[in-house]
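Asks: pasted the sequence and its predicted model underneath.
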Amino acid sequence: MIKSNMRFVALAAMLIACTSASAQSETLGKIKETGGITMGVRDASGAMSFTLGPGKYTGFHVEICERVIADIKKAAQLDKIDVKYQLVTPQNRIPLVQNGTVDIECGTTTNNAARQKDVAFAPTLYVEGIRIAVKTNSGIASSAQLTGKTVAATTGSTSVQALRKLGRDGVTGVSEVLSKDNSEGFLLLEGGRAEGFVADGQILATLISKSKEPEKYKLLDQVLSVEPIAIMFRKGDPAFKKVVDDSILALAKSGEVSRIYDKWFMQPIPPSGSKVGLPANAMTKAAWAAPSDKPLEAYEAR
């Protein structure tokens, strides 16, 4: 009987230890040990994430991440936390999150089912529509009029799939040109090497607002794809995800996310003081009311 009880106690202790270990966060442990966190940022992703110069990044999603990192600091029981910025591209952002180079990615990454196999996402606070920018004097009013024309999109972005879908939907003869980033894509449109540029609506609106002659460009009303944009981090770390998710949920519940949105999309922003002038759409407001990490496919199915 004594030996049996001892075995029971030993087994119970082992189960408790295993449960405790599984509840620990590898990412939080790393942050606590190093006293720092690496934020993945973009240098030209509209008002969501952009650079103000070497080593300086800001924008809607960057500020959201700064709020989240304040809560991560508390969870890691740190008095202070050193934030390192890591510039990412559409091509390397997922690998850099997977290998631990980036702890939390705060650019303009679409949460979709394919990516959820490789990384985890926080609840969405911005639901975007992929749209098309053209020159005002082009005479182009819809995607159907892009037949036989050259259209740009950024390599590694979901905009490429949206552009290619046009062909499957009957817009034939479109010549695809891929840019390395959003700034280059807009330059292709600006310089006349492309007659359309496909990208997130807010990216296009921001690039137009910051151009030398904004009146020369327009956004087509047509939405090619609905894109839930979300903060990305390593998969398989539920304790870290809970800290991030709880922080995002608090921003939504308090209404603070609405004030942060207004700051970046409706007010003058640095460095030039231009206004994006893009009010929150109905899908974004719905995401604030009921935040979730559902992928793009769930939005398309509605």
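Replies: That came through, no problem.
Asks: where in the protein is pLDDT low?
Replies: Under the criterion pLDDT under 70, the flagged ranges of the chain are 1-23, 300-302.
Asks: hey, where'd the helices end up in it?
Replies: For the chain, the helices defined by DSSP state H occupy 2-23, 26-34, 60-75, 93-98, 113-116, 158-168, 182-190, 201-210, 238-254, 256-265, 282-289, 296-300.
Asks: and those, which is most packed in?
Replies: helix 201-210 (a mean of 24; mean count of other C-beta atoms under 10 Å). Glycine gets a C-beta too; all of them are placed from N, C-alpha and C.
Asks: any residues touching it, and which ones?
Replies: With contacts defined as C-beta atoms under 8 Å, 6 or more residues apart in numbering, helix 201-210 is touched by 44-48, 50, 108, 126, 128-133, 182-183, 186, 197, 214, 217-219, 223, 265, 272, 274-278.
Asks: what does stretch 283-299 give?
Replies: By C-beta under 8 Å, 6+ apart, stretch 283-299 touches 110-113, 115-116, 120-127, 158, 225-228, 230, 245, 248-249, 252, 257-258, 261, 280.
Asks: coming back round to it: which among the contacts of helix 201-210 end up buried?
Replies: Restricting the contacts of helix 201-210 to buried positions leaves 44-48, 50, 108, 126, 128-133, 182-183, 186, 197, 217-218, 223, 265, 274, 276, 278, with burial counted as 16 or more other C-beta atoms under 10 Å.
Asks: let's see which of these end up in strands.
Replies: Counting by DSSP state E, the buried ones among the contacts of helix 201-210 place 44-45, 50, 126, 128-133, 197, 217-218 in strands.
Asks: now render the residues you listed as JSON lines, adding distance to Gly167.
Replies: Formatted as JSON lines, those follow (distance: C-beta to C-beta, whole Å):
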{"residue": "Ala44", "distance to Gly167": "27"}
{"residue": "Ser45", "distance to Gly167": "26"}
{"residue": "Phe50", "distance to Gly167": "31"}
{"residue": "Tyr126", "distance to Gly167": "28"}
{"residue": "Glu128", "distance to Gly167": "22"}
{"residue": "Gly129", "distance to Gly167": "20"}
{"residue": "Ile130", "distance to Gly167": "15"}
{"residue": "Arg131", "distance to Gly167": "18"}
{"residue": "Ile132", "distance to Gly167": "14"}
{"residue": "Ala133", "distance to Gly167": "19"}
{"residue": "Phe197", "distance to Gly167": "17"}
{"residue": "Tyr217", "distance to Gly167": "24"}
{"residue": "Lys218", "distance to Gly167": "23"}
